[in-house]
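K.L.:
got a structure for you, letters missing:
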């Protein structure tokens, strides 16, 4: 056996426990490692969309009105750890790999969901709880926003809306001279990939929230 193997004197053996247990255990350890690296956690400000990070990434901000726990199957579940995971993953992907925010956000959301499910918590129940406390960028309750909050996520959302308006302007013959429709379409295609899943989730939430009589019947066969 080569001496540079990861375990030169002990062959790999499959642990005699269910695969889901191994995965959950390793994810929990990874999450704990990320939590230990957080320099500062701040609960004293208003933060659009519940959580964010400082420009230098040293502070994670969680909205001051979000409860620290939510009740699930008779237990109080701490939510900070999942939000911290999301923000740390997202910030790292943007700063270290140069990913667009919307792409980084999708990956971070998947990591957050995996951590929630690994703790045997319903993602739907967790997300439903979170949505009750979300403040959008234009929310009048945003009176105490951190001075060093990284605005990249909010800027990128604005960029998407701006490009949609530009595309409509081009079609109406009001676009800037020399601006090609193909250029805007290409940029929007990148955004659309990241927005697709988010829009699907928003539609599902809206359908669940609608009164039973107001819901449209699902189409069959498709």
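P.N.:
The structure has been received and is ready for your questions. These numbers come from a predicted model, not from an experiment.
K.L.:
and stretch 76-84, which residues are buried?
P.N.:
Residues 77, 79-84 are the ones in stretch 76-84 that count as buried (16 or more other CB atoms under 10 Å). All C-beta atoms are positioned from the backbone trio N, CA, C, and that covers glycine.
K.L.:
next one: stretch 44-54
P.N.:
Buried positions in stretch 44-54, judged by neighbour count with 16+ other CB under 10 Å: 45-54.
K.L.:
Helices of the protein, start to end?
P.N.:
With DSSP state H as the criterion, the chain has helices at 19-36, 80-97, 101-118, 123-131, 152-171, 181-209.
K.L.:
Compare those helices and say which comes out lowest on pLDDT.
P.N.:
Lowest mean pLDDT of the helices of the chain: helix 181-209, a mean of 64.
K.L.:
Can I get the buried residues of stretch 76-84 in TSV including distance to residue 147?
P.N.:
What follows is the buried residues of stretch 76-84, written out as TSV (distance: CB to CB, whole Å):
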residue	distance to residue 147
77	31
79	25
80	22
81	26
82	26
83	21
84	21
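K.L.:
tell me the two of these that are most distant?
P.N.:
Spatially, the most separated pair among the buried residues of stretch 76-84 is 77 and 84, at 14.3 Å (CB to CB).
K.L.:
circling back: columns distance to residue 144 and pLDDT on top of the buried residues of stretch 44-54, output as JSON lines?
P.N.:
Compiled in JSON lines, the buried residues of stretch 44-54 are given as follows (distance: CB to CB, whole Å; pLDDT from 0 to 100):
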{"residue": "45", "distance to residue 144": "5", "pLDDT": "93"}
{"residue": "46", "distance to residue 144": "5", "pLDDT": "92"}
{"residue": "47", "distance to residue 144": "9", "pLDDT": "91"}
{"residue": "48", "distance to residue 144": "12", "pLDDT": "87"}
{"residue": "49", "distance to residue 144": "15", "pLDDT": "89"}
{"residue": "50", "distance to residue 144": "15", "pLDDT": "93"}
{"residue": "51", "distance to residue 144": "15", "pLDDT": "95"}
{"residue": "52", "distance to residue 144": "13", "pLDDT": "95"}
{"residue": "53", "distance to residue 144": "17", "pLDDT": "95"}
{"residue": "54", "distance to residue 144": "15", "pLDDT": "94"}
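K.L.:
Narrow the residues you listed to those in strands?
P.N.:
The members of these that map onto strands under DSSP state E are 45, 51-53.
K.L.:
shouldn't residue 111 be in contact with residue 89?
P.N.:
Yes: counting by CB atoms under 8 Å, a contact exists between residue 111 and residue 89, whose distance comes to 5.0 Å.
K.L.:
Show me the domain layout of this structure.
P.N.:
16-150, 151-210 (automatic domain parsing).
K.L.:
ok, the buried residues of stretch 44-54 vs residue 96, which is closest?
P.N.:
Here the nearest of the buried residues of stretch 44-54 to residue 96, counting by CB to CB, is residue 53; it sits at 13.3 Å.
K.L.:
ok now do the closest one, which residues does it touch?
P.N.:
Applying CB atoms under 8 Å, 6 or more residues apart in numbering, one finds that residue 53 lies in contact with 59-61, 87-88, 90-91, 149-150.
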